[in-house]
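>>> show me how the following folds:
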Amino acid sequence: MTIRELRRIWAKDAELLVEIGRELDKQTLEVTVRLPRKLASAAVRSWDRDDDEKVEFDTSKETPGQKRNRHRAGSLALIGNSVKMQGQRRGDRVTVWLDAWFIANALRAFHDQD
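Numbers count the residues shown, from 1 in each chain. Model prediction:
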C-alpha cells in the first residue's frame with residue numbers, strides 16, 4: 001500500500017467521523033464525573049474571575065500557543081460554571097454532570113500538553 005492510498009483511506013475515515021459527529025451532535029451528551037474538590041474549586045474561581053473586559057486584543061495576531069491557552073481557559077471556566085451550578089460535594093470530591101465537549105476539551109489538553 002502506498003502513502004497516497006493510505007491518505008485516501010484516512011480521508012474516508014475522517015468523513016465517517018464527521019457523520020458520527022453529526023449523529024452525536026443531535027444528542028444530549030452529559031456524563032457524571034468526579035473531581036477532587038481542590039480542582040473543582042479552582043475551576044469555579046476561573047468562572048467567577050472578573051477578567052478585564054476592557055482589554056482589547058487582536059486574535060489574528062495570537063500565536064498558536066496563545067490561542068490554545070485562551071481556548072483552554074474558556075473550557076476551564078465552563079467546567080467551573082457547571083460545578084458552581086450543580087456540583088455536589090462528597091467528601092474530598094465533587095460530583096458534577098459535564099457536557100461531553102467539556103470532558104473532551106480537558107482530555108485533549110491533557111494528552112496534547114507540551
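>>> give me the mean pLDDT for stretch 61-73.
Regarding stretch 61-73, the rounded mean pLDDT is 91.
>>> now that stretch, how far from the centre of its chain.
13 Å (C-alpha atoms, centre = their mean, to the nearest Å).
>>> give the buried residues for the host helix or strand of R70.
R70 belongs to helix 64-86 when assigned by DSSP states H and E. For helix 64-86, the neighbour count (16 or more other C-beta atoms under 10 Å) marks 72, 75-84 as buried. For glycine as for every other residue, the C-beta is placed from the backbone atoms N, C-alpha and C.
>>> start to end distance for stretch 17-34?
In stretch 17-34, first residue to last residue: 28 Å (C-alpha to C-alpha, to the nearest Å).
>>> let me see the mean pLDDT of it.
Here the average pLDDT along stretch 17-34 is 89.
>>> can you list the buried residues in it?
Residues of stretch 17-34 classed as buried under the neighbour-count rule (16+ other C-beta under 10 Å) are V33.
>>> show residues contacting it.
The contact list for stretch 17-34 (C-beta atoms under 8 Å, 6 or more residues apart in numbering) reads 90, 93-101, 103.
>>> among these, which pair sits farthest apart?
R90 and W101 (24.2 Å; C-beta to C-beta).
>>> ok so, going back, just the contacts of stretch 17-34 now: which is nearest K61?
Within these, distances to K61 taken as C-beta to C-beta reach their minimum at W101, with 26.9 Å.
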